[in-house]
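[1] dropping a prediction and its sequence here:
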Amino acid sequence: MEEKPSLSSALFAGTRFDRKRFAGDIARFRTGAQPAAPAPTTPDAAPPGPEKKRKRKSKANAKKNSKKKKKRADGAASASDAVEGFSVFKGAEAKEAAEESVEVEVREDEDSAVVRRRKEAEREIERAAILRKRYDIHISGHNVPAPLESFEELVSRYDCDSYLVGNLSKLGFQEPTPIQRQAISILLSGRECFACAPTGSGKTLAFLLPMLMKIKPGSKGCVKAVILCPTRELAAQTTRECKKLAKGRKFGVKLMTKDLSQDGNFKDMHCDILVSTPLRLDHAIRKRDLDLRWSTLCWMNLINFLSLDSSK
Ligand SMILES: Nc1ncnc2c1ncn2[C@@H]1O[C@H](COP(=O)(O)OP(=O)(O)OP(=O)(O)O)[C@@H](O)[C@H]1O
């Protein structure tokens, strides 16, 4: 290690004098190293008493503390002082490093969330496949929602109003039929559904239930759902089923009779759900105030469901 030039050698550089003779004076100018002068015989040189020891200790502590403070101040400057000299870069580096570590942590969190979601989706697909196999449900389409396991799932999965679940149990419907399991979950997910199932398998409820869950009872002159049935008998039966299921809510459920299609005042009628055969609906649209021009302005957005119920 290279020795630092002492203050005395800096002061006396280039001068010639007797070092031996002036040794005492040279020693006075030396910093750090103590002169090799003989130990003074003054009272100060005597071995330190307890009072002196305490003083020295407190001095040493003060020195230590001031060093610590300096270090801390330097650290703070390097971390936060973005104005002076190198500390600008030091501070920026520290900041960057901190940001990087946060970024890495966030990215790791996101990755684990993605993995978790993917695993959940895989489990859901598996569960849906098992249910479809059990109930002999065949589907085509992309990302088809899982079938219902029970009517209770209407509440847990789709936040169904309790009056509807209550009406189902009053009607004696304990479990959904296969067509209901699959069609209801699809329709409640806002997807279109073309379903085919044997006669008497519960297709009517499969579209009535999501319909009643999606629309709210409204005011006059505002048809929200249209159910088209191939025959008058089926239209009448569907209207009855719908009224039974909607019991407890002020839904206006109307069957399009011959009289209604010829003389009905649709503008002043409270009709949320209209059940009709195609010809009667067509007649009402052309002859009465169930007017398509008016409908396109106000009803297009409101007719959320168009249900085509066919016997074959
Ligand atoms: N989940 C259910 N549990 C018990 N009975 C049910 C259930 N769903 C519907 N039903 C009853 O089964 C009968 C037949 O239902 P529905 O008329 O809806 O069948 P469908 O498939 O529409 O028949 P179609 O093809 O003749 O129109 C009705 O009496 C109905 O009340």
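    Received the coordinates, thanks.
[2] now do the buried residues in the helix or strand where residue 154 lies.
    Secondary structure assigned from DSSP states H and E places residue 154 in helix 153-158. By 16 or more other CB atoms under 10 Å, the buried positions in helix 153-158 come out as 153, 154, 158. Using the backbone N, CA and C atoms, a C-beta is placed for each residue, glycine as well.
[3] so which other helices or strands are in contact with it?
    helix 162-170, helix 178-188, helix 203-214 (3 or more CB pairs under 8 Å, 6 or more residues apart in numbering; DSSP states H and E).
[4] reformat the buried residues of helix 153-158 as JSON lines; add pLDDT and distance to residue 102.
    As requested, the buried residues of helix 153-158 are exported to JSON lines (pLDDT from 0 to 100; distance: CB to CB, whole Å):
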{"residue": "153", "pLDDT": "93", "distance to residue 102": "41"}
{"residue": "154", "pLDDT": "94", "distance to residue 102": "43"}
{"residue": "158", "pLDDT": "94", "distance to residue 102": "39"}
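[5] verify the stated contact: residue 220 with residue 266.
    No. Between residue 220 and residue 266 there is no contact under CB atoms under 8 Å: 9.2 Å.
[6] the helices and strands packed on helix 153-158: which one's closest to residue 103?
    Ranking the helices and strands packed on helix 153-158 by proximity to residue 103 (CB to CB) places helix 178-188 first, at 39.6 Å.
[7] quick one: which of the helices and strands packed on helix 153-158 is nearest residue 110?
    Comparing the helices and strands packed on helix 153-158 by CB to CB, helix 178-188 comes nearest, at 29.4 Å.
[8] which other helices and strands contact the closest one?
    The contact analysis (3+ CB pairs under 8 Å, 6+ apart) places helix 178-188 against helix 85-135, helix 153-158, helix 203-214.
[9] if we can go back for a sec, with mean neighbour count and mean pLDDT as new columns, can the helices and strands packed on helix 153-158 be given to me in a markdown table?
    Shown next, in a markdown table, are those (neighbours: other CB atoms under 10 Å; pLDDT from 0 to 100):
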| stretch | mean neighbour count | mean pLDDT |
| --- | --- | --- |
| helix 162-170 | 15 | 94 |
| helix 178-188 | 24 | 95 |
| helix 203-214 | 22 | 91 |
